[in-house]
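**Q** Give me the fold of what follows.
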Amino acid sequence: MNSQLFTREFKQGTCVPFAGSGNEENRNNSYPQKAAFAQPSGLTLGYTKDGGFLFVADSESSTIRSVSLKDGAVKHIVGGERDPMNLFAYGDQDGIGFDVKLQHPLGVAMISDSASILVADSYNHKLKLVDISKKLCTTIWSEDKDVKLNEPGGVCVDMTKGVAYIADTNNHIIRILNIKEWVFKQLPVIFSNDIEASQVINLSDILKPGRQLEKNEVRYIAPGSQANVILLLDLPYGCHVNDEAPSSWSVVIQDSLSGASGNSIFSKKGTLSEKSPQHLFSWKVPITLQSTFFIYLKCKLFYCDENKVCRMKEKNIMQECTVNGDVKSESTEINFTFCV
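**A** Just a heads-up that it's a prediction; the model follows:
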């Protein structure tokens, strides 16, 4: 593993090592290329009375370290021990400097008004606060009856709102921490309960660049008749639709004169279920429509297998329909197949 920090020069299109020798060690040094890291993970920029620094959650050495933006000098803040070859100096202990013990911290975020760092001490399932100048580490959140962290990872601080966002990895939750009162709440991830509330859809929402469009065989339909659109869903064996995610479909119908940027003559969207066949919608072909029209259907399905591994599959299908007065049926069933 190449445990180094790199800088990206966007104008030149280059990426060069900034600090770290490439050896997996807990080695601090005034010369950045002679220092060494061990699986550096979280990074945060911060400024103290001593200047600007990049603060690093060096996971495998269980330390928090700083890299000077002025000269690249790498220094220890808390955690680990003085022996640069010992990557097993981990634990769970508050204190100062090397007396502090962390276990595989993954996330750090600067709290600028207090010159401190919020640390996700991931394998200890805790949040800790490090006073940079004093090298003092204090546990600010372990657990209570309502919030028990499980390998917190990413941390981000928004000073304008006075909150930190915590990726609570194994709980599959984004938590919001009030950094003044140290009170948690959960970030709501909102899916509309009424996915059909807004039916305005553009063809550009379906025909996105790079998306493959599957085409069905041409169907013939009588003017003024009803088109019943049916979805045939074919899931892999042992899989089921993820009810906790917003599986959906959307459709745009355009006449042959509209073109990809024209106005649709019908649009609608709704939710997908596990049922197959499932009726999506019915549409009455206008009696005045005497030409070909096109049904563009987009399906987005979230599904899980028997091992609880979940995936997303999206499919875009186009059905060409020709209006023909010789067809006498009052309704036509139009099937779309979604083979996952």
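
**Q** Only C-alpha atoms from now on, for both contacts and neighbour counts.
**A** OK.

**Q** From Cys239, how far off is the residue nearest to Pro236 when sequence neighbours are not counted?
**A** Leaving aside its sequence neighbours, Pro236 sits nearest to Val340 (Cα to Cα, 6 or more residues apart in numbering; 6.7 Å). Going from Val340 to Cys239 by Cα to Cα, to the nearest Å gives 10 Å.

**Q** of the two, who's got more company?
**A** When neighbours are counted by other Cα atoms under 10 Å, Val340 and Cys239 differ, and Cys239 comes out ahead with 18 against 14.

**Q** Isn't that one up against Tyr303?
**A** Yes. With contact defined as Cα atoms under 8 Å, Cys239 counts as touching Tyr303 (6.7 Å).

**Q** buried sites along stretch 35-47?
**A** Ala35, Ala36, Phe37, Ala38, Gln39, Pro40, Ser41, Gly42, Leu43, Thr44, Leu45, Gly46 (16 or more other Cα atoms under 10 Å).

**Q** what's that stretch in contact with?
**A** 1, 3-5, 19-29, 52-61, 74, 87, 106-110, 112, 115, 154 (Cα atoms under 8 Å, 6 or more residues apart in numbering).

**Q** Strands - which of the residues you listed land there?
**A** Among the contacts of stretch 35-47, the residues falling in strands (DSSP state E) are 3-5, 19-22, 52-58, 74, 107-110, 154.

**Q** how much does the element among helices and strands of the chain having the smallest mean pLDDT deviate in direction from strand 51-58?
**A** The weakest-scoring helix or strand in the chain, judged by mean pLDDT, DSSP states H and E, is strand 3-9 (a mean of 79). Strand 3-9 runs at 130 degrees relative to strand 51-58, counting by axes from the mean of the first three to the mean of the last three Cα atoms, to 10 degrees.

**Q** how far is strand 3-9 from where the chain is centred?
**A** 24 Å (Cα atoms, centre = their mean, to the nearest Å).

**Q** for stretch 131-146, same thing?
**A** Put simply, stretch 131-146 sits 27 Å off its chain's centre (Cα atoms, centre = their mean).

**Q** now that stretch: mean pLDDT?
**A** Taken as a whole, stretch 131-146 has a mean pLDDT of 90.

**Q** List the buried residues in it.
**A** In stretch 131-146, counting by 16+ other Cα under 10 Å, buried: Asp131, Ile132, Lys135, Leu136, Cys137, Thr138, Thr139, Trp141.

**Q** What of stretch 157-173?
**A** Val157, Val163, Ala164, Tyr165, Ile166, Ala167, Asp168, Thr169, Ile173.

**Q** List the residues that contact the third one.
**A** Read it as Ala164. Val155, Cys156, Val157, Asp158, Ile176, Leu177, Asn178, Ile179.

**Q** one more time with 6 Å
**A** Cys156, Val157, Asp158, Ile176, Leu177 (Cα atoms under 6 Å, 6 or more residues apart in numbering).

**Q** How about the fourth one?
**A** Taking Cα under 6 Å, 6+ apart, we find Tyr165 in contact with Val155, Cys156, Arg175, Ile176.

**Q** 10 Å instead?
**A** Tyr165 makes contact with 109, 154-158, 174-178, 184-187 under the criterion Cα atoms under 10 Å, 6 or more residues apart in numbering.

**Q** burial count for Glu244?
**A** Per other Cα under 10 Å, the neighbour tally for Glu244 reads 9.

**Q** Next, it: secondary structure please.
**A** Here Glu244 is recorded as coil under DSSP: H, G, I helix; E, B strand; the rest coil.

**Q** rewinding a little: in strands, which of the contacts of Tyr165 fall?
**A** If you go by DSSP E, the contacts of Tyr165 have 109, 154-158, 174-178, 184-186 in strands.

**Q** sorry, back to before: please tabulate the buried residues of stretch 35-47 in CSV, including the columns distance to Lys126, secondary structure and pLDDT.
**A** Shown next, in CSV, are the buried residues of stretch 35-47 (distance: Cα to Cα, whole Å; DSSP: H, G, I helix; E, B strand; the rest coil; pLDDT from 0 to 100):
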residue, distance to Lys126, secondary structure, pLDDT
Ala35, 28, coil, 95
Ala36, 26, strand, 95
Phe37, 23, strand, 95
Ala38, 21, coil, 95
Gln39, 20, coil, 94
Pro40, 19, strand, 95
Ser41, 17, strand, 94
Gly42, 15, strand, 94
Leu43, 18, strand, 95
Thr44, 19, strand, 96
Leu45, 22, strand, 94
Gly46, 22, strand, 92
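
**Q** what's the closest of the ones in strands among the contacts of Tyr165 to Gln254?
**A** In terms of Cα to Cα, no member of the ones in strands among the contacts of Tyr165 lies closer to Gln254 than Ile174, at 41.2 Å.

**Q** Not counting its neighbours along the chain, what's nearest the closest one?
**A** Ile174 sits nearest to Ala167 (Cα to Cα, 6+ apart), 4.8 Å away.

**Q** From the chain's centroid, how far away is the strand or helix carrying that neighbour?
**A** Element membership of Ala167, judged by DSSP states H and E, is strand 163-168. Centroid separation for strand 163-168 versus its chain: 14 Å, with Cα atoms, centre = their mean.
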